[in-house]
Structure formats: structure tokens, C-alpha cells
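Visitor: Take a look and give me a structure for this.
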Amino acid sequence: MKPVVSGIALEYRDVFAVAKLDVNENSVITAEYGIRGTPTYILFYKGKVVTTMLGAMPKDRLVERILAGLMSVVEPPLTQEQTDSE
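Guide: Residues are numbered from 1 along each chain as shown. Take a look at the predicted model:
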């Protein structure tokens, strides 16, 4: 999933930020967010968890879930037109 996530980070760099965490070196954070397996994706907005996604998935599905999560919290909501142009 590393190349997929890196590609998403580059493609959507003007829409959202992507950060990676090594769960083996960050056990406190891993426990805080209840991460039990990898890959685990956690979407944050203004410091709060919006959604957690588990397991490998195709790029299109991961992007769809990220954008859906963002659209549920961003004021005004992002439109597909806005995300396509950025």
C-alpha cells in the first residue's frame, strides 16, 4: 500500500495532508487509537477522528472513502468538481 498512499499524497496534496506512522516504533499512539493491524488509515479533521479504515484496498476505493469522510465534516462540503480541479 505504500506506493498507493504515496501517490494519493502527491495527487491530493492541495486537498489534504498524508502522514505515516511506524506502529512498531510508536506503541503509545498505536494503543491510543486502537490500531491492531496494518494497514490502518485514520482520517482526522481539526484534530478529531472522522473515520478509521482497515485493510488494503484499491486506490480508487481509498480515495473515495477519504473524500466521503472529508465531505461529511468540511464546511461548506467539498464538491466533486472542487476535488477534480485541485
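Visitor: Listing request: residues of this structure with sub-threshold pLDDT.
Guide: Along the chain, segments meeting pLDDT under 70 span 76-86.
Visitor: Helices of that one, start to end?
Guide: Counting by DSSP state H, the chain has helices at residues 2-11, 27-32, 59-71, 80-85.
Visitor: what's the spacing between the second one and its chain's center?
Guide: Looking back up the chat, that one is helix 27-32. Relative to its parent chain, helix 27-32 has a centroid offset of 18 Å by C-alpha atoms, centre = their mean, to the nearest Å.
Visitor: check contacts around the nearest residue to L54 once chain neighbours are set aside.
Guide: Of all residues not flanking L54 in the chain, T40 sits nearest, at 5.6 Å (C-beta to C-beta, 6 or more residues apart in numbering). In this view, the C-beta of every residue, glycine as well, is placed from N, C-alpha and C. For T40, the contacting residues are 23, 33, 52-54, by C-beta atoms under 8 Å, 6 or more residues apart in numbering.
Visitor: What is the neighbour count of the closest residue in space to I35 that isn't next to it in sequence?
Guide: Distance criterion C-beta to C-beta, 6+ apart; nearest residue to I35, sequence neighbours excluded, is V23 at 5.8 Å. Taking other C-beta atoms under 10 Å as the criterion, the count of residues near V23 is 17.
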